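Peer 1: Next comes the sequence, and after it the predicted model I'd like to discuss.
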Amino acid sequence: MKDKLTRSFYSRNPLKVAQDLLGKYLVHKSRKGIMVGKIVETEAYLGSDDPACHTYQGKITERNKILFAQPGHAYVYTIYGMYYCFNVVAHEKGKSGGVFIRAVEPITGIELIPSLTNGPSKLCIAFGINKSLNGTDLCGNELFITNGEDIPDSEIAWTPRINIDYAGKAKNWPYRFVIKENVFLSRK
């Protein structure tokens, strides 16, 4: 197993963390076994100044309080009342924010079928990620991220984030990062 990312990796601006997560390996050691996927698509959410972030304007709620906590923890929330989304808490000291993991390329423990992990809720289903993992320390031994493959800048594209029409002008900010031409992306 490759080296786990350290707390200092997550204790930076979410834009940098989101880009640097591309090529890293998401690992979940569950009752089903060990599942590993290469992160191929992320989105950065920059905290209280970002209208698309759950911590916009510094509002702390029961749902979002983990985004204000120590970087390097899992933020798992429900959408549409039945699906889960997995985020990494990432921010500089005294701030809030995170990185949304939108898609992974299966490496181990999951069939290599793009439709299984090519979207945020699909990857949560495939990896067995649910609300019980909200707040999990990603520097621990159950759900974590390791060093993976180095992705050259020339293979990374910046695009606007997806499905955040509520965020006004922030919906057009180029805070989505993808490995170009990867068949496991949630949207081409």
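Peer 2: On my side now, so go ahead. Residues are numbered from 1 along each chain as shown.
Peer 1: who touches the helix or strand containing residue 8?
Peer 2: Per DSSP states H and E: residue 8 is located in helix 7-10. Contacts to helix 7-10, defined as CB atoms under 8 Å, 6 or more residues apart in numbering, come from residues 17, 20, 70, 71, 72, 88, 89, 90, 138, 139. Where you see a C-beta, it was placed from the backbone N, CA and C, and this is true even at glycine.
Peer 1: Now it - C-alpha only, PDB.
Peer 2: Extracted in PDB, the C-alpha atoms of helix 7-10 (Å, rounded to 0.1, in the frame of the first residue of the first chain):
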ATOM      1  CA  ARG A   7      -2.800  16.100   7.700                       C
ATOM      2  CA  SER A   8      -0.500  18.800   6.200                       C
ATOM      3  CA  PHE A   9      -1.600  17.800   2.700                       C
ATOM      4  CA  TYR A  10      -5.200  18.800   3.500                       C
END
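Peer 1: ok, and the most crowded of the contacts of helix 7-10?
Peer 2: Highest neighbour count within these, by other CB atoms under 10 Å: residue 90, with 33 neighbours.
Peer 1: what's near enough to touch the residue lying closest to that one once chain neighbours are set aside?
Peer 2: Leaving aside its sequence neighbours, residue 90 sits nearest to residue 17 (CB to CB, 6 or more residues apart in numbering; 4.0 Å). Contact partners of residue 17, counting by CB under 8 Å, 6+ apart, are 9, 10, 44, 88, 90, 99.
Peer 1: Next, count neighbours for the first one.
Peer 2: Read it as residue 9. 21.
Peer 1: Show the pLDDT at it.
Peer 2: Model confidence at residue 9, given as pLDDT, is 98.
Peer 1: tell me the SS of the residue nearest the centre of the chain?
Peer 2: In the chain, the residue lying closest to the centroid (CA atoms, centre = their mean) is residue 101, at 2.5 Å. What DSSP: H, G, I helix; E, B strand; the rest coil gives for residue 101 is strand.
Peer 1: Find the nearest non-adjacent residue to it, please.
Peer 2: residue 86 (5.1 Å).
Peer 1: so that neighbour sits in a strand?
Peer 2: Yes. According to three-state DSSP, residue 86 belongs to a strand.
Peer 1: I'd say residue 179 and residue 155 touch.
Peer 2: Yes. If you go by CB atoms under 8 Å, residue 179 and residue 155 touch, sitting 5.8 Å apart.
Peer 1: Lowest mean pLDDT among the helices and strands, pick that one out for the protein.
Peer 2: Within the chain, no helix or strand scores below helix 114-117, which has a mean of 88 by mean pLDDT, DSSP states H and E.
Peer 1: can you list the weak-confidence ranges in this protein?
Peer 2: 1, 188 (pLDDT under 70).
Peer 1: For the lengthiest strand in it, list every residue counted as buried.
Peer 2: The longest strand of the chain (DSSP state E) is strand 33-45. Of all the residues in strand 33-45, those buried under the rule 16 or more other CB atoms under 10 Å are 35, 36, 37, 38, 39, 40, 41, 42, 43, 44, 45.
Peer 1: Since that was my last question, I'll sign off now.
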